[in-house]
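A.B. asks: Sequence first, predicted coordinates after that:
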Amino acid sequence: MIDLNLHHLPPPPARKDYRIGVIGSGFIVRDVQLVAYRDAGYHVAAITSRNLDSAREVAQVRGIPVVHESWQALLEDQSIEVLDIAVPPAAQPEIIEQAVRHASHIRGILAQKPLALDYRQARDLVARCAQAGIRLAVNQNMRYDQSIRALKTLLTRGDLGEPVLATIEMRAIPHWKPWARNSQRLTLAVMSIHHLDCFRYLFGNPDSVYASARPDPRTRFAHRDGIVLYILEYANGLRASSWDDVWAGPAREGGAPDLYIKWRVEGDRGMAQGTIGWPGYPNAVPSTIQFTTAQQPGVWFSPSWQEVWFPDAFQGTMGDLLDSLATGRTPAISGADNLGTLALVEACYRSLDEHRPVALREITEETA
């Protein structure tokens, strides 16, 4: 008998009442993270932002009692136990470094992805937090999409057998933030990082990756990684590949749109496929999963749920950090684990530059 309880939601943290201080007041904070935290019962005690008017508006709308004049002032607030940093990646390292040096009351940090602009800097931040006894986690929220967690359950239970081929196909048109426009890195660092991290979550680290890219015709500022394709090679023969298409056809230039994210995993004893509901945002579109297994031949199973990636998955990223503080375990999305994802991003960029497969060890050993 097939168990249809696929644990698409993570368990709640053992303790929810840690006092959270939020740095940043953009759309993701206002309408996604803080909504998720409210629904989960987390305690957001203070907020700040470089735009204080925005921080005050978010505080009023989301019921946050304290607005600090600066992130430095928030770090000085001795009541804050957990930092939630939601700023551009170029600005994030300084905040983490200052928290390590001057905020001994901070016990945990949830940082945005990418953790830093390069692997070496990220590794330094991870080491600094470890030395200071601060639990550092990275907001790799696609791991908490309900269909991805359900897929992980199938893989862990062995319902699909040995994985043979895994694919993600994204046809979506992102809104590039100003910090991304000013960076030399685009799709791989902003969008593909979700898919690369999910492949690692599902299957572990690959041996190597080969990436190919071309500019996106719609994106007017200079960039090299617009539309990106890549293949992850695993020692056991598994191949995982993603097509990250941020052009998605002339949907903004007069053509009819066809936007979606699909994934599929084929094993030697079963197969699963699904969709990610995010392209439908702000409509609440749940992600989906279908699977079949040789344990019960000829049958497709299609469990469903009401939760959605934006905002519900963000309960999981903060909840994982809070639970790690309460129980003493390492966060599942720890900074140390995230170095593997950043190494994979770096390997993709090197592959673009040198037109060859790049082994992960080239990145990790080179900077050791």
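C.D. replies: That came through fine. Residues are numbered from 1 along each chain as shown.
A.B. asks: which ones are touching the residue lying closest to C129 once chain neighbours are set aside?
C.D. replies: Once flanking residues are discounted, C129 sits nearest to L136: 4.0 Å by C-beta to C-beta, 6 or more residues apart in numbering. Where you see a C-beta, it was placed from the backbone N, CA and C, and this is true even at glycine. Neighbour list for L136: I96, G108, I109, A111, L125, V126, C129, A130, P331, S334, G335, A336 [criterion: C-beta atoms under 8 Å, 6 or more residues apart in numbering].
A.B. asks: Give me the buried subset of the residues you listed.
C.D. replies: Buried residues within the contacts of L136, counting neighbours by 16 or more other C-beta atoms under 10 Å: I96, G108, I109, A111, L125, V126, C129, P331, S334, G335, A336.
A.B. asks: per-residue pLDDT, the last one?
C.D. replies: A336 is assigned 98 on the pLDDT scale.
A.B. asks: quick one: what helix or strand has it in it?
C.D. replies: Per DSSP states H and E: A336 is located in helix 335-354.
A.B. asks: elements contacting that helix?
C.D. replies: Applying 3 or more C-beta pairs under 8 Å, 6 or more residues apart in numbering; DSSP states H and E, one finds that helix 335-354 contacts helix 119-132, strand 135-138, helix 193-203, strand 208-214, strand 227-233, strand 358-359, helix 360-366.
A.B. asks: So what's the residue count around R220?
C.D. replies: Counted with other C-beta atoms under 10 Å, the neighbours of R220 add up to 8.
A.B. asks: Model confidence score at it, please.
C.D. replies: Confidence at R220, expressed as pLDDT, is 92.
A.B. asks: which stretches of the protein form helices?
C.D. replies: Ranges of helices in the chain, per DSSP state H, are 27, 34-40, 52-62, 71-76, 92-102, 119-132, 146-157, 178-181, 187, 193-203, 314-327, 335-354, 360-366.
A.B. asks: Just tell me which of the ones you listed ends up closest to Q306.
C.D. replies: With respect to Q306, and counting by C-beta to C-beta, the nearest of the helices of the chain is helix 146-157 at 9.3 Å.
A.B. asks: and the closest one, average pLDDT?
C.D. replies: Helix 146-157 carries an average pLDDT of 98.
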